[in-house]
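Trainee: have a look at this prediction, sequence included:
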Amino acid sequence: MSARLVVLVSGAGTNLQALIDACADPSYGAGVAAVGADRDGIEAFARAQRAGIPTFVCRVSDFQTRGDWDRELARQCAAHQPDLVVLAGFMKLVGPAVLAMFGGRLVNTHPALLPAFPGMHGVRDALAYGVKVTGCTLFLVDEGTDSGPVIGQAAVPVHDDDDERSLHERVKTAERGLLVETVGRMVRQGWSVHGRKVTVGS
Ligand code: GAR
């Protein structure tokens, strides 16, 4: 049986699209059960709708407290019975309710080689620092900001004439490959976590 993914997004959704495309092959081992977002009017939703995937929106501003938002987000995700929840460009920190329900099977992708350059501007910060190599990181979400155990990483070169956009595009090309490859191996082979060390498959 195919694993159920709930994918959370906030923007363009190119990582989501890569997962949708991969899931079209039954041998991939997963299907996107639903796509959720913290805002509407985003390209990621159009991608989900074109693929016939259910969507839901959970906006922080619709709730009195961040905790209420977090509990509703957990409830909305749980309604689709996910095996894995994938944050693919989701620009919010999830809270304790989501972590309690999905901890250990909640993955996030970040556009830098963590622990370098966590936070909202991983590409901009890497460029400003002047690193010659950056990349992307797939990790298990914990209570911190981009601080959970690393599942996989891919490196990309920084070119002398890069700006944030050109570098982010190169990172995102690597990121889509890493996400599809790693999520596929996770659902087909399983994974284990010992301290900070994640092992996918045997
Ligand atoms: C990706 O590069 C992802 O790593 C980043 O947003 C982009 C989403 O692209 N996420 C973060 O920076 C989270 N802090 P997409 O919408 O085209 O998939």
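Mentor: It's in. Residues are numbered from 1 along each chain as shown.

Trainee: now do the buried residues in stretch 194-202.
Mentor: Buried positions in stretch 194-202, judged by neighbour count with 16 or more other C-beta atoms under 10 Å: 198, 200. For glycine as for every other residue, the C-beta is placed from the backbone atoms N, C-alpha and C.

Trainee: and if you look at stretch 167-182?
Mentor: By 16+ other C-beta under 10 Å, the buried positions in stretch 167-182 come out as 167-168, 170-172, 174-176, 178-182.

Trainee: one more: stretch 43-52?
Mentor: For stretch 43-52, the neighbour count (16+ other C-beta under 10 Å) marks 44-45, 47-48 as buried.

Trainee: what would those residues look like in CSV with pLDDT and secondary structure?
Mentor: Below are the buried residues of stretch 43-52 laid out as CSV (pLDDT from 0 to 100; DSSP: H, G, I helix; E, B strand; the rest coil):
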residue, pLDDT, secondary structure
Ala44, 97, helix
Phe45, 95, helix
Arg47, 97, helix
Ala48, 97, helix
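
Trainee: which ones among the residues you listed also lie next to the ligand?
Mentor: Ala44 (C-beta under 6 Å from any ligand atom).

Trainee: neighbours around the closest residue to the ligand within the chain, how many?
Mentor: Residue nearest to the ligand within the chain (C-beta to the nearest ligand atom): Gly89, separated by 2.6 Å. Gly89 has 23 neighbouring residues, counting by other C-beta atoms under 10 Å.

Trainee: what's the helix or strand for the closest residue to it other than its chain neighbours?
Mentor: Distances taken as C-beta to C-beta, 6 or more residues apart in numbering place Gly11 nearest to Gly89, at 5.1 Å, with adjacent residues excluded. For Gly11, there is no helix or strand it lies in under DSSP states H and E.

Trainee: for the remainder of this discussion, apply numbering that starts at 282.
Mentor: Noted, 282 is the first residue going forward, which turns the last one into Gly292.

Trainee: tell me which residues touch Gly292, please.
Mentor: 323-325, 370, 372 (C-beta atoms under 8 Å, 6 or more residues apart in numbering).
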